[in-house]
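J.: Provided below for reference: sequence and predicted model.
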Amino acid sequence: MKIFDPHIHMTSRSTDDYEAMARAGILAIVEPAFWLGQPRTHVGSFVDYFNSLLGWERFRASQFGIRHFCTIGLNPKEANNPKLSEEVLAMLPRFLAKDGVVAVGEIGFDDQTDEEEACLHRQMELAAEFNLPVLIHTPHRDKKRGTIRTIEVVRRAGFPEERVLIDHNNEETLPIVLETKCWAGHTIYPNTKMDEQRMAALVKKYGTDRIIVNSAADWGISDPLKVPKTIAVMREQGIPDEQIQTIVWDNPVAFFAQSGRLDVAGLEQRPAIDRAQKFETNSVLRGDQR
Ligand SMILES: [Zn+2]
């Protein structure tokens, strides 16, 4: 089974995680830009973070045989700092032009403020300008209202729905998203949001069309192997491998291929691992191994 985890924050994860992910069959990942657990105070912190997603983290993933892509955007939480958000939005274009960027994201609602809505709308305009799809985060609180409001913003912006991935769905929001042409992401977490059993039940009920599964593993309690673990449960529940493959590979590949920046055929080949390689002056090796 080929596995693509389309939402995982590897900057916060260890080399053990990368090794376990490769062993479990994960070939490619998308790392969305998001917030770091505490607010940034300078636009330069965003510049360095975006550069690390495109540089060091991409290189680090390749050293474990995993292809790494990213999405770039201003996350909903930090959209609520008006001065900083202006500065971040102004410098986004130079990153959106880069090759490893396969969408604008993650953007969307957190507290569902007017500032968040304005940033969401403006970043959809930027996505249209750069011909990129968008990855949209839905809020933990009042998720149903946030999902409906998100769809309203997409429609008001005139952004093509088939280029929108609405993430972190649950039983309540999935049918709402499926009524549109947007794609529906599901985050499988250890304790909250969706779990493997509930996800398998959703696939049995709704099928595989535009359905995507991710781990969204980050600095909080989360599990970078949630996509392979969901595959195991879907198999136990009698979902055929062909359908599972659609969810964990074909769908995320088709969605992000809309960026024109995925070499779809090349994706199935692991990058060759040569740990003597360096990114600028640094490698993943330590001490005597160098
Ligand atoms: Zn995320």
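T.: On my side now, so go ahead. Since the structure is predicted, the reported quantities are computational estimates derived from the model, not experimental observations.

J.: skipping adjacent residues, who's closest to the residue of the stretch 151-290 of the chain with the smallest separation from the ion in space?
T.: Scanning the stretch 151-290 of the chain for the residue nearest the ion gives Ala216, at 4.7 Å (criterion: Cβ to the ion). C-beta here means a position set from N, CA and C on the backbone, and glycine is covered the same way. Nearest residue to Ala216, sequence neighbours excluded (Cβ to Cβ, 6 or more residues apart in numbering): Thr187, at 4.2 Å.

J.: pretty sure that neighbour sits in a strand.
T.: Yes - the assignment for Thr187 by DSSP: H, G, I helix; E, B strand; the rest coil puts it in a strand.

J.: now the helices for the stretch 101-250 of the chain?
T.: Assigned by DSSP state H, counting those that start in this stretch, the stretch 101-250 of the chain shows helices spanning 114-130, 143-157, 174-178, 196-206, 226-236, 241-245.

J.: got the ones you listed as a markdown table, with distance to the ion, mean neighbour count and mean pLDDT columns?
T.: Rendered in a markdown table, the data for the helices of the stretch 101-250 of the chain read as follows (distance: least, Cβ to the ion, whole Å; neighbours: other Cβ atoms under 10 Å; pLDDT from 0 to 100):
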| stretch | distance to the ion | mean neighbour count | mean pLDDT |
| --- | --- | --- | --- |
| helix 114-130 | 15 | 19 | 98 |
| helix 143-157 | 15 | 18 | 97 |
| helix 174-178 | 17 | 18 | 98 |
| helix 196-206 | 17 | 16 | 97 |
| helix 226-236 | 13 | 20 | 98 |
| helix 241-245 | 23 | 15 | 98 |
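
J.: ok, back up a step: surely the residue of the stretch 151-290 of the chain closest to the ion meets Tyr189?
T.: Yes - using Cβ atoms under 8 Å, Ala216 is in contact with Tyr189, at 7.1 Å.

J.: on that earlier part again, so what pLDDT did the residue nearest to Ala216 get?
T.: We have a pLDDT of 96 for Thr187.

J.: ok, it - contacts?
T.: 7, 167-168, 193-194, 214-216 (Cβ atoms under 8 Å, 6 or more residues apart in numbering).

J.: lowest-confidence entry in the residues you listed?
T.: On pLDDT alone, Lys193 ranks lowest of the contacts of Thr187, at 70.

J.: burial check on it, number of neighbours?
T.: Per other Cβ atoms under 10 Å, the neighbour tally for Lys193 reads 17.

J.: residues from this protein in reach of the ion?
T.: Contact residues (Cβ under 5 Å from the ion) of the chain with the ion: 34, 216.

J.: low-confidence ranges, the chain, go.
T.: 288, 290 (pLDDT under 70).

J.: at 50 what do you get?
T.: For the chain, no stretch has pLDDT under 50.

J.: what ranges do the strands span in it?
T.: 3-5, 26-32, 67-72, 101-108, 134-137, 164-166, 183-187, 211-214 (DSSP state E).

J.: starting at the chain centroid, how far to the third one?
T.: The chain centre lies 8 Å from the centre of strand 67-72; the measure is Cα atoms, centre = their mean, to the nearest Å.

J.: now Lys278: how far from Tyr18?
T.: 17 Å (Cβ to Cβ, to the nearest Å).

J.: neighbour-wise, which of the two wins?
T.: A direct count of neighbours by other Cβ under 10 Å for Lys278 and Tyr18 places Tyr18 higher, at 23 against 12.

J.: in the stretch 51-200 of the chain, what residue is nearest the ion?
T.: Counting by Cβ to the ion, the stretch 51-200 of the chain gets nearest the ion through Glu106, at 5.3 Å.

J.: OK, contacts around that residue?
T.: The contact partners of Glu106, by Cβ under 8 Å, 6+ apart, come to 7, 32-34, 71, 73, 75-76, 135-137, 167.

J.: I'd like these as JSON lines, with neighbour count appended.
T.: JSON lines is the format used below for these (neighbours: other Cβ atoms under 10 Å):
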{"residue": "His7", "neighbour count": "29"}
{"residue": "Pro32", "neighbour count": "28"}
{"residue": "Ala33", "neighbour count": "26"}
{"residue": "Phe34", "neighbour count": "25"}
{"residue": "Thr71", "neighbour count": "29"}
{"residue": "Gly73", "neighbour count": "33"}
{"residue": "Asn75", "neighbour count": "21"}
{"residue": "Pro76", "neighbour count": "27"}
{"residue": "Leu135", "neighbour count": "28"}
{"residue": "Ile136", "neighbour count": "31"}
{"residue": "His137", "neighbour count": "27"}
{"residue": "Asp167", "neighbour count": "23"}
